[in-house]
Each structure stands twice: as structure tokens, then as C-alpha cells.
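> Dropping a prediction and its sequence here:
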Amino acid sequence: MPRITVEVESTIGSSIGKHGGARSARGEAPSWPVGEGYVEDTLDTGGRSVRTMVLMREPARPGDEVPAWPVAVLHLNDGRRDLDEVVCVAETEPFIDLVDLPDLGRWHAEPAAWAAALGRLSPGPAYRMTGCGGRAEADRLVADAHHAYLQLTGCMELPTHGE
């Protein structure tokens, strides 16, 4: 599972929390903040950094960097174009057991919950979820975008013909 760094732009409270977890004094199930930002050193097919949402222990301030790993990808449409948003979890307890799309159900973190959080995080156009993919797809999206970034910045030697 590749580790990435998410630069957070905004954070909201969420209802995402583990089934059967310890309850608060008021009997509420624990929930965790969700941040939105981008994966550093990546370029998607539109020339932008890969957008991401991350489940974390504590809210982050804009500009904070959060070590995380991808667990899924949301396929979205904003009415004008299709785009992907990588779903991540912070690289910390209690998220160690969240590694792929099927794990999210135990945390009330189904794709619809992420899409609802995204709607609150992004005050611009309304996003419509058109599908979702698992960790392998998210890993591939991030790896391809990092490769595109390296090629554009000249930080990677391109193979010559015949090698």
C-alpha cells in the first residue's frame, strides 16, 4: 500500500465512525473529521493535482500535510466534466484496518457518505457520483499522476528507443 502525502485545504466533521466502537458520554458513536485537498507531486489528465479526501484523527488547517494511503476512488461528474477523487485514510490508529473499498462499510464510510462529505467541502458545483473503484484503481491513478508529474518536471529520465 503506497504512502502518499495529502495537502489539506479544508476539513469538516463527518458521521464516519466505526460500527461497535466506544460511545461518548451522550451515547453517540465516535466520528472522525474528513479533509479535502490534493496529492502532492501529481498531475491528472487535466493537468491538475489529484484531488483527494482523507479520513483523519484531528481536523487539519489549510496547508497541513497528512500522511495517508489510498483506499478507494470516487468517479464524479460536476455537470461539465468527469473527475476522480481519491479516498484516503490517515496513516495512524485507528484507521490501520481500512485498506480497501469493502472495509469502508464497517466505518459507515460507504461511497455515498464520502460523496455527501464532498458536497459539504466543495461549495461550488454539485457533484454526482457515477461510480467508485477500490484500492488498486486508486493506487494506479496516483502512480500514473505521479509519473506524469515527474515527466513534466524533468525529474525522470525517459527511456530511449532500444533500451
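Now that the structure is in, tell me what you want to look at. Residues are numbered from 1 along each chain as shown.
> By average pLDDT, which secondary structure element in this structure comes out worst?
Sorting the helices and strands of the chain by mean pLDDT, DSSP states H and E puts helix 111-121 at the bottom, at a mean of 82.
> List of residues touching it?
Here helix 111-121 makes contact (C-beta atoms under 8 Å, 6 or more residues apart in numbering) with 10, 12, 14-16, 34, 36, 53, 72, 74, 76, 85, 87, 101, 104, 126-127, 129, 132. For the C-beta atoms, the positions are set from N, CA and C on the backbone; glycine is no exception.
> So, low pLDDT: which residues of this protein?
Residue ranges of the chain with pLDDT under 70: 1, 19-30, 156-163.
> Which strands and helices lie in contact with the longest helix along it?
Identified as the longest helix of the chain according to DSSP state H is helix 135-153. Identification of packing neighbours for helix 135-153 by 3 or more C-beta pairs under 8 Å, 6 or more residues apart in numbering; DSSP states H and E yields strand 34-39, strand 65-77, strand 82-90.
> about what we covered before: what angle sits between the helix or strand following the least confident helix or strand of the chain and strand 65-77?
Counting by DSSP states H and E, the element after helix 111-121 in chain order, helix or strand, is strand 128-133. Strand 128-133 and strand 65-77 meet at an angle of 120 degrees, taking axes from the mean of the first three to the mean of the last three C-alpha atoms, to 10 degrees as the criterion.
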